[in-house]
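Sequence first, predicted coordinates after that:
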Amino acid sequence: MIDFSGIKIAVDFDGTIVEHQYPEIGKEKLFAFQTLKELEKRGARLIMWTFRTGKELDDAVEYCRKNGIEFYAVNKNYPEEIFDETVSRKIDADIYIDDKNLGGFPGWSGVWQILNPFEIEQREAERRLAAKRKNILKRLLALLKGTDV
Ligand SMILES: [Mg+2]
């Protein structure tokens, strides 16, 4: 399991967490909250990074909260940051997840696979090993019973 402790992930809202329906809130994109929760559980620091401001921003933050995601910061590098001309507009993050990524948005299962490249192979290898063990056990039991498989 990959540890994301201290990794800052900036996440866009419209078109990324939800379908693009700005200024309304679109439908959740498949696996969005599930993926974000798993990243948070593994130590990632999630930052909402969106064009939204004011009431539309509050609505988006509240929507995410209702779906179990409390962002570490919203349009800021850290919660206490006060934005002025001395602060860059660009959020300092290690990873940016945005539907306007070069190459397009891979979808949340795609995001998960990119961030955890070996997890699927590992799971498959574990499944094969478990099946092999089960088979050996079955043959052993058949041998003990005096029957053959
Ligand atoms: Mg967007």
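That came in fine, so what should we check first? Residues are numbered from 1 along each chain as shown.

how about the residues of the protein near the ion?
Asp12, Asp14, Gly15, Asp99 (Cβ under 5 Å from the ion). In this view, the C-beta of every residue, glycine as well, is placed from N, C-alpha and C.

burial count for the second one?
When you say that, I think you mean Asp14. Number of residues near Asp14 (other Cβ atoms under 10 Å) recorded here: 21.

what's it in contact with, if anything?
His20, Gln21, Tyr22, Gly26, Thr50, Phe51, Arg52, Ala60, Asp99 (Cβ atoms under 8 Å, 6 or more residues apart in numbering).

So which of those residues are in helices?
Using DSSP state H, the members of the contacts of Asp14 that fall within helices are Ala60.

ok, Trp112 - contacts?
Phe31, Thr35, Glu38, Glu119.

Apply 7 Å and report the result again.
Thr35 (Cβ atoms under 7 Å, 6 or more residues apart in numbering).

quick one: Gly103 from Ile114, how far?
Computed as Cβ to Cβ, to the nearest Å, the Gly103 to Ile114 distance reads 11 Å.
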